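K.L.:
What would the 3D arrangement of this be:
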Amino acid sequence: MLPNPYTPGEAPPRVFVGRETEMERLRDRLARVIAYGEMMGPLTVLAGPRGVGKTSLLRAVQADAAAGGFVTAWSSCVKDQPFLGDVLHSVRRELVGVGALDEPRGARIDELGVEVGVGVAKLSAKVSPGRRPAVPAALVGPLEDFFLTTSTLAREFGGVGLLVLIDEIHAAHLPDAAVLLNAAQNMTGQRERFPLAIIGAGLPSAVSHLTHAATFGERTTERSLTVLDEATSRELLVKPAAELGVRWSAAALDLAVGAARGYPHFLHLVGEATWFAAQPAKGALLDAADVRRGTPDVESGVNALFRARWENATAAERSFLQAMATSGNDVVKRSEIADALGVSTRALSVDRRNLLDKGLVEAPQRGYLTFSIPGFGQFVRDMTD
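P.N.:
Sure thing, here's the model as predicted:
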């Protein structure tokens, strides 16, 4: 029996498909590090709702950069938890892994790591909730020295430089983010000294969150990810199967692509369920009947996802979501939601921010909101009925 090549909820997928434009833009930015040995530029963030493939793209960028000679270090933020220590540890571990770190310079890197850790801990203790951290220059300096030492080592060893990747950056601990952004701002101003790139991924609220940590956050380069177009959706289904000698019929593809509506997570759900229903051998053709037989599994997976999102919302946030859903529009004016709830638009601010932070809604333009996952509005309407 052939293995199932579709991986809903996993990153990276076995076969990465799509996002060529974003990949090329990032390669172009990274080329500055390769050609000139200088910093890529301001922090770049891949932003989009959950399930559109941010982490998969970030992993693809990592693999591509590593193949091109970068030393790459991965970290992931957890809400309200410091993350800089993990970034520093990841960088050190990767330098050791490629044999680029000798004992004297390793000791110096450890010293700088301790300085940064102690400084951030002191800063965290002083920060009041809701206030932007005031970062002293004495704290930023050790982090700049750390990146100068490690990125130079990476370039000496591999001929390119250091790439730091930070996932879930919308959840970044504010004091840590403030230190990183201040250091990045200073390093960008001396870019010729730092063969370094920093790329993050997070929800659409990521840049706003970073700006709350430091005003420099507004200079972050944002690359927004949305659902896939029809051609790319078809490719995402076809290519993993083709690598195992299995084809999709035109009718099966039409059904599968229509059901997923361009949402990468749903495409993998449909692909996985169809494959399981068909149990294909090499040379087989997946047909519309296979897609239909897999539909109950797809619906179960989608409903489980929707229920988890719904249960993560407070009572007030659920009322907000219900007001959005009952409007019947894909994009809803903020004033419509306020009218439905009988409150002022200003009274919506806290719930709106929380729903954005949770990735349940997104703001396509000022004064408007939309659900971040296709079909979630109908789910909310069904919960209300």
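K.L.:
Residue 193 is in contact with residue 148, correct?
P.N.:
Yes: the criterion here is Cβ atoms under 8 Å, and residue 148 meets it with residue 193 at 6.2 Å. In this view, the C-beta of every residue, glycine as well, is placed from N, C-alpha and C.
K.L.:
In which helix or strand does the nearest residue to residue 186 once chain neighbours are set aside reside?
P.N.:
Excluding its sequence neighbours, the residue lying closest to residue 186 (Cβ to Cβ, 6 or more residues apart in numbering) is residue 144, at 5.9 Å. Per DSSP states H and E: residue 144 is located in helix 137-158.
K.L.:
can you list contacts of that helix?
P.N.:
37, 69-71, 84, 88, 91-92, 95, 98-101, 105, 108-109, 112-113, 115-116, 119-120, 122-123, 160-162, 179-180, 182-183, 186-187, 193-196 (Cβ atoms under 8 Å, 6 or more residues apart in numbering).
K.L.:
And that helix, what's buried?
P.N.:
For helix 137-158, burial by neighbour count (16 or more other Cβ atoms under 10 Å) applies to 139-155, 157-158.
K.L.:
ok, now stretch 378-385?
P.N.:
Using 16+ other Cβ under 10 Å as the test for burial, stretch 378-385 gives 379-380.
K.L.:
contacting residues around stretch 45-55?
P.N.:
Contacts of stretch 45-55 (Cβ under 8 Å, 6+ apart): 11-12, 18-19, 22, 57-58, 167, 169, 199-204, 206-207, 210, 220-227, 263-266, 305, 359, 362, 372-373.
K.L.:
at 7 Å instead, please
P.N.:
By Cβ atoms under 7 Å, 6 or more residues apart in numbering, the surrounding residues in contact with stretch 45-55 are 11, 19, 57-58, 167, 169, 200-204, 206-207, 220, 222-227, 263-265, 359, 362, 372-373.
K.L.:
ranges for the strands of the stretch 251-385 of the chain?
P.N.:
Secondary structure of the stretch 251-385 of the chain (DSSP state E, counting those that start in this stretch): strands at 285-286, 331-333, 361-362, 368-371.
K.L.:
coming back round to it: just the buried subset of the contacts of stretch 45-55, please.
P.N.:
11, 19, 57-58, 167, 169, 200-204, 206-207, 220, 222-223, 225, 227, 263-265, 359, 362, 372-373.
K.L.:
how near is the closest residue to residue 356 other than its chain neighbours to residue 216?
P.N.:
Once flanking residues are discounted, residue 356 sits nearest to residue 205: 4.7 Å by Cβ to Cβ, 6+ apart. Separation of residue 205 from residue 216 (Cβ to Cβ, to the nearest Å): 17 Å.
K.L.:
what comes up buried for stretch 225-241?
P.N.:
Buried residues in stretch 225-241 (16+ other Cβ under 10 Å): 225, 227-228, 232-241.
K.L.:
what about that stretch, distance to the chain center?
P.N.:
Relative to the chain's own centre, stretch 225-241 is displaced by 18 Å; criterion: Cα atoms, centre = their mean, to the nearest Å.
K.L.:
Narrow the contacts of stretch 45-55 to those in strands?
P.N.:
Judged by DSSP state E, the contacts of stretch 45-55 include 167, 200-202, 222-224, 362 as members of strands.
K.L.:
Redo these as TSV? Include pLDDT.
P.N.:
Below are the ones in strands among the contacts of stretch 45-55 laid out as TSV (pLDDT from 0 to 100):
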residue	pLDDT
167	98
200	98
201	98
202	96
222	92
223	93
224	92
362	90
